[in-house]
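K.L.:
With the sequence up front, the predicted model follows.
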Amino acid sequence: MTDIKLGADRVDGTRGPILRALLRLAWPIMTGNMAMVLHQVVNTLWLGRVGSDAVAAVAVAFPVMMFMWAMGDGIVLGGSALVARCTGSGEGDKVNLIAGQIFISLVLFYGAVAVIAVPLMHRLIVLLGTPAEIAADATIFIRILLLGMPITELFFAYTFILQGTGDTVTPMKMWSAAMLTNMLLDPVLILGFAFIPGLGVAGSAISVVACRLIWVIMVISYVRRGTHGVQIGREHLWPDLGILRRMCKVSLPIAGEKMLVGAEQIALVSIVAGFGGPVLAAYGVGQRILSLAIMPSFAAGTAVTALVGQNLGAGKIDRGERSTWLTAGLMLGLLTGLGLAMAAFPGFLIALFNNEAEVVANGISLLRIVGPSMGLLGCFYVFGGAYRALERTLPFFGWVLVSSWVVRVPLALYLSASMGVTGIWVAMVVANAFGCVAAGIHQKFRCWGPLKNFLGVTVVEPASGP
């Protein structure tokens, strides 16, 4: 058995103060994620120069892409949770095998998605009720991304595999460099430069695919040489039924969760689209702004998966539980503060992207109502990270199902009939609150104690401060 070697960039979350390990894991993830969000913001600014229809087209496209990404995200997130477990128990050979299974599964899955979805995409966009002037650009944007996904998503997978091993600094560097390249290329392809014609929405998609293809070439070189401690050979790409079964158990509920969220976003876009193009553009801009507030929770959720997973692998169950609650409390305070700050200056923020009066007015309403609930949504994502490490992804799938399709979408339909678009924003807040409280109570009383009994683990680390 090959041990996991801990270099300067790899965090051992099984010892020392929990808060220090959490921050060492989370800040590089958050920095990399912020680079991605910054790119999305800058991308929206450039698309805003093209017009509100271009912004609205991407607002329609992203929920559809979330649905398409769902199964791949499940494979990656579920696999990275297993990587964290094996890192905690020191099984280096198994880490390489899991990484190989993730890679080959992604290529096959996204290849099938591209073949099936590309010819049908325009019909789907039209069925969502998308206005004709927006549907064509949304279709082009999605088709370009779909064609690149069988290869480009390997970049995404590699960064999560490294995060599972406790190395979050290398993925941060990779994401930051990729997003910087993307931001430099966006205005050239979207608006045009010199002899290069402006391609609008299509240019935005081409920019993403081109940048990720460059990085995938580097990833292939890294895994062949084992540059960052993960080395994939041909033997690791041959299907291993034991690993694949375990991955499926963890990954399928994650994929279902992502599909539910993607379908929910598609449904919300369809409801919002009924209020017209400017309102749809406001929704797209507002969601981009809110994504800045929620981004730390994505980093925290990923860090919790690595931190809890390592401790479970090492048999330190109490330490894993303390890590979850500490992180949830930090996110509740931080993101509530960020959401309140955004709600205090909504007009300024919306006008940065689009200064059309109707877009700004509806964007202000969205930020003022939904912004303060970001702390609750952030806690929900932290609990999701812990569920992945616990390999209890099915319960979290259930909470996503209920909060999305029993609370958010039906309530948005009901309230929008009497309150207009404001009813949709209120439904989002109610669903955020429900998901946070329900998942937190379930994890507290139905996961941690029973887990100790199920595993037969009695090794408990003495309490030591955060």
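P.N.:
Noted; the coordinates are in hand. Residues are numbered from 1 along each chain as shown.

K.L.:
Where does pLDDT dip in the stretch 1-150 of the chain?
P.N.:
Scanning the stretch 1-150 of the chain for pLDDT under 70 picks out 1-9.

K.L.:
Hmm, I typed the wrong one, I wanted the stretch 201-350 of the chain.
P.N.:
Applying pLDDT under 70 to the stretch 201-350 of the chain flags no residue at all.

K.L.:
And the helices in it, which stretches?
P.N.:
Under the criterion DSSP state H, counting those that start in this stretch, the stretch 201-350 of the chain contains helices at 201-225, 241-273, 277-313, 317-344, 346-351.

K.L.:
Tell me the helices and strands packed up against the second one.
P.N.:
By that I understand helix 241-273. helix 52-88, helix 92-127, helix 277-313, helix 374-390, helix 393-402, helix 409-419, helix 421-446 (3 or more CB pairs under 8 Å, 6 or more residues apart in numbering; DSSP states H and E). (Glycine included, C-beta is placed from N, CA and C.)

K.L.:
how about it: buried residues?
P.N.:
For helix 241-273, burial by neighbour count (16 or more other CB atoms under 10 Å) applies to 243, 246-247, 250-273.

K.L.:
okay, the angle between it and helix 277-313?
P.N.:
For helix 241-273 against helix 277-313, the angle by axes from the mean of the first three to the mean of the last three CA atoms, to 10 degrees is 160 degrees.

K.L.:
if we can go back for a sec, dump the helices and strands packed on helix 241-273 into a markdown table; add mean neighbour count as well.
P.N.:
Formatted as a markdown table, the helices and strands packed on helix 241-273 follow (neighbours: other CB atoms under 10 Å):
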| stretch | mean neighbour count |
| --- | --- |
| helix 52-88 | 25 |
| helix 92-127 | 18 |
| helix 277-313 | 26 |
| helix 374-390 | 27 |
| helix 393-402 | 20 |
| helix 409-419 | 16 |
| helix 421-446 | 19 |
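
K.L.:
could those go into CSV alongside distance to Leu191?
P.N.:
Below are these laid out as CSV (distance: least, CB to CB, whole Å):
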stretch, distance to Leu191
helix 52-88, 11
helix 92-127, 24
helix 277-313, 18
helix 374-390, 32
helix 393-402, 38
helix 409-419, 35
helix 421-446, 30
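
K.L.:
Indicate which one of the ones you listed is closest to Thr324.
P.N.:
Proximity to Thr324 (CB to CB) singles out helix 374-390 among those, at 4.3 Å.

K.L.:
wait, which of the helices of the stretch 201-350 of the chain is closest to Phe195?
P.N.:
Closest approach to Phe195 among these (CB to CB): helix 201-225, 14.4 Å.

K.L.:
Please name every helix or strand in contact with that closest one.
P.N.:
Checked by 3+ CB pairs under 8 Å, 6+ apart, helix 201-225 has helix 18-50, helix 52-88, helix 132-165, helix 169-191 packed alongside it.

K.L.:
cutoff 10 Å now
P.N.:
Helix 201-225 sits against helix 18-50, helix 52-88, helix 92-127, helix 132-165, helix 169-191, with contacts defined as 3 or more CB pairs under 10 Å, 6 or more residues apart in numbering; DSSP states H and E.

K.L.:
Next, count neighbours for Trp238.
P.N.:
Neighbours of Trp238 under the rule other CB atoms under 10 Å: 11.

K.L.:
Tell me which residues touch it, please.
P.N.:
Applying CB atoms under 10 Å, 6 or more residues apart in numbering to Trp238 gives the contacts Leu97, Gly100, Gln101, Ile104.

K.L.:
that older thread, export the helices of the stretch 201-350 of the chain to JSON lines and tack on distance to Gly420?
P.N.:
Below are the helices of the stretch 201-350 of the chain laid out as JSON lines (distance: least, CB to CB, whole Å):
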{"stretch": "helix 201-225", "distance to Gly420": "28"}
{"stretch": "helix 241-273", "distance to Gly420": "11"}
{"stretch": "helix 277-313", "distance to Gly420": "9"}
{"stretch": "helix 317-344", "distance to Gly420": "19"}
{"stretch": "helix 346-351", "distance to Gly420": "17"}
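
K.L.:
Quick check: which of these is nearest to Ala70?
P.N.:
Closest approach to Ala70 among the helices of the stretch 201-350 of the chain is made by helix 241-273 (3.4 Å; CB to CB).

K.L.:
What score does the closest residue in space to Gly435 that isn't next to it in sequence have for pLDDT?
P.N.:
Distances taken as CB to CB, 6 or more residues apart in numbering place Ser403 nearest to Gly435, at 3.8 Å, with adjacent residues excluded. At Ser403, the model reports a pLDDT of 94.

K.L.:
Would you check that Ser403 makes contact with Phe383?
P.N.:
No: taking contacts as CB atoms under 10 Å, Ser403 lies outside contact range of Phe383: 11.7 Å.

K.L.:
Identify the contacts common to the two.
P.N.:
Between them, Ser403 and Phe383 share these contacting residues under CB under 10 Å, 6+ apart: Gly435, Cys436, Ala438, Ala439.
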